[in-house]
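A.B. asks: What follows is a predicted protein model with its sequence.
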Number of protein chains: 2
Amino acid sequence: MRVSAKADYAVRAAAELAAAEEGPIKGERLAAAQDIPLQFLEHILLELKHNGIVRARRGAKGGYWLAKPADEVTVAEIIRAVEGPIAHVQSSPPEAIEYSGNAEHLQEVWIAVRASLRSVLEEVTLADLVSGELPSVVNELVATPDAWLAR
Amino acid sequence: MRVSAKADYAVRAAAELAAAEEGPIKGERLAAAQDIPLQFLEHILLELKHNGIVRARRGAKGGYWLAKPADEVTVAEIIRAVEGPIAHVQSSPPEAIEYSGNAEHLQEVWIAVRASLRSVLEEVTLADLVSGELPSVVNELVATPDAWLAR
DNA sequence: CGCGCTCCTGACCAAAGAGGTCAGGAAAGT
DNA sequence: ACTTTCCTGACCTCTTTGGTCAGGAGCGCG
């Protein structure tokens, strides 16, 4: 139930691309802006490219840019691109698991977990992220009393 | 963003304990009921014991039982006991991370992710799980159109 | 008491994942 | 031709995951 460095880096780099006014941005500049190891970031950007989130050109005026408008790219897509499916249980999707005995209803719990993750991650776009105007579902969650407390 | 086998096993074993009418239940019986490797399960039960979720006695009439009433044990507690904190990012809690530049608002997104996970996992108790009467927040999520679809 | 039952504990193990680094190749621009 | 920048695969170390194995410690019973 944790977010990997890779996913975190990927979203941050994508946010940086979303904020870019014009032209391709060099990997080096992204790495510097978000303090990410360059060579590691290049692998991540390549995965984003293979998943159709980012495009790239090499050479002198080369670099990376978003393949789609920033308000059409969700955080969920980016995480899936680098981490694979969200909220798998034992490496299988929750809808494929069969529970027996007293754990039968556990499947519904995992389905709800995934749905609740999606309700956040599918809603937030890169445009939201850079503008700071997050969807209301996020604002409401962030405003709940204990949201900022460790447990 | 996945649920480990350990967490899944732990919740299932705990559900089995919650459903038990009386007396200590042997590890062997739990393992059989939920089809979990016995020796692995014993390690898990030990962790649950160390976290005050389960109690145990050895010997002829020994076994495991819940340390608290089933309606006071949440799925969140169990997951924390075996997997550690929920929704950490890069091994740190989201409230401790500092983002700069265009990723500044990413912290709020991770906070919202954690809050939304909690809103499910802290609500579901073992009693809910065995009775099948899940909290309304779960039922609503499970009832949404795409909740059962892979993406 | 002795004995079997069951939990308790640490050591170990193989495979995979996390988080990178390194070296070189291939396209784009000038 | 040459520099720049992305592209790709190989490699590396450390930790985690998902277990197994061997033995010890406490409990109950005859």
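C.D. replies: Received it, and whenever you're ready, just let me know what you need. Keep in mind the model is a prediction, meaning the values are calculated, not measured.
A.B. asks: Just list whatever residues bridge to A:Arg57.
C.D. replies: When assigned by DSSP bridges, A:Arg57 has beta-bridge partners A:Gly63.
A.B. asks: okay, now it: neighbour count?
C.D. replies: Using other CB atoms under 10 Å in any protein chain shown, A:Arg57 has 12 other residues around it. Backbone N, C-alpha and C define where each C-beta goes, glycine included.
A.B. asks: Distance-wise, check it relative to A:Ala96.
C.D. replies: The spacing between A:Arg57 and A:Ala96, counted by CB to CB, to the nearest Å, is 40 Å.
A.B. asks: Same check on A:Val73?
C.D. replies: From A:Val73 over to A:Ala96 the distance is 28 Å, taken as CB to CB.
A.B. asks: again with A:Glu133
C.D. replies: For A:Glu133 relative to A:Ala96 (CB to CB), the value is 37 Å.
A.B. asks: Could you find the residue in chain A that comes nearest to DNA strand C?
C.D. replies: Closest approach of chain A to DNA strand C (CB to the nearest atom of the strand) occurs at A:Gly59, with a separation of 2.8 Å.
A.B. asks: Give me every residue in chain A lying close to DNA strand D.
C.D. replies: A:24-28, A:39, A:42-43, A:45-46, A:49-50, A:56-60, A:62-64, A:90-91 (CB under 7 Å from any atom of the strand).
A.B. asks: Quick check: phi and psi on A:Leu117?
C.D. replies: For A:Leu117, the backbone dihedrals are phi -60, psi -50 (criterion: degrees, to the nearest 10).
A.B. asks: residue contacts, it?
C.D. replies: For A:Leu117, the contacting residues are A:Ile86, A:Ala87, B:Met1, B:Val113, B:Ser116, B:Leu117, by CB atoms under 8 Å, 6 or more residues apart in numbering or on different chains.
A.B. asks: Nearest to A:Leu126, out of the residues you listed: which one, please.
C.D. replies: B:Val113 (16.2 Å; CB to CB).
A.B. asks: Could you pull up the contacting residues of the closest one?
C.D. replies: Going by CB under 8 Å, 6+ apart, B:Val113 touches A:Val3, A:Leu117, A:Val120, A:Leu121, B:Ala87, B:Pro94.
A.B. asks: let's go with 7 Å and repeat that
C.D. replies: Neighbour list for B:Val113: A:Leu117, A:Val120, A:Leu121, B:Ala87 [criterion: CB atoms under 7 Å, 6 or more residues apart in numbering or on different chains].
A.B. asks: Contact distance from DNA strand C - what residues of chain A qualify?
C.D. replies: Near DNA strand C, the residues belonging to chain A are A:4-6, A:37-40, A:43, A:57-62, A:83 when assessed by CB under 7 Å from any atom of the strand.
A.B. asks: Just the ones in strands from those residues, please.
C.D. replies: For these, membership in strands holds for A:Arg57, with DSSP state E as the criterion.
A.B. asks: so where do the helices sit in chain A?
C.D. replies: Per DSSP state H, chain A has helices spanning A:5-19, A:27-34, A:38-50, A:75-83, A:106-121, A:126-131, A:136-143. These are given in chain order.
A.B. asks: would you turn those into a markdown table with mean pLDDT and distance to A:Pro69?
C.D. replies: A markdown table is the format used below for the helices of chain A (pLDDT from 0 to 100; distance: least, CB to CB, whole Å):
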| stretch | mean pLDDT | distance to A:Pro69 |
| --- | --- | --- |
| helix A:5-19 | 98 | 9 |
| helix A:27-34 | 98 | 19 |
| helix A:38-50 | 98 | 16 |
| helix A:75-83 | 98 | 13 |
| helix A:106-121 | 98 | 18 |
| helix A:126-131 | 98 | 8 |
| helix A:136-143 | 98 | 20 |
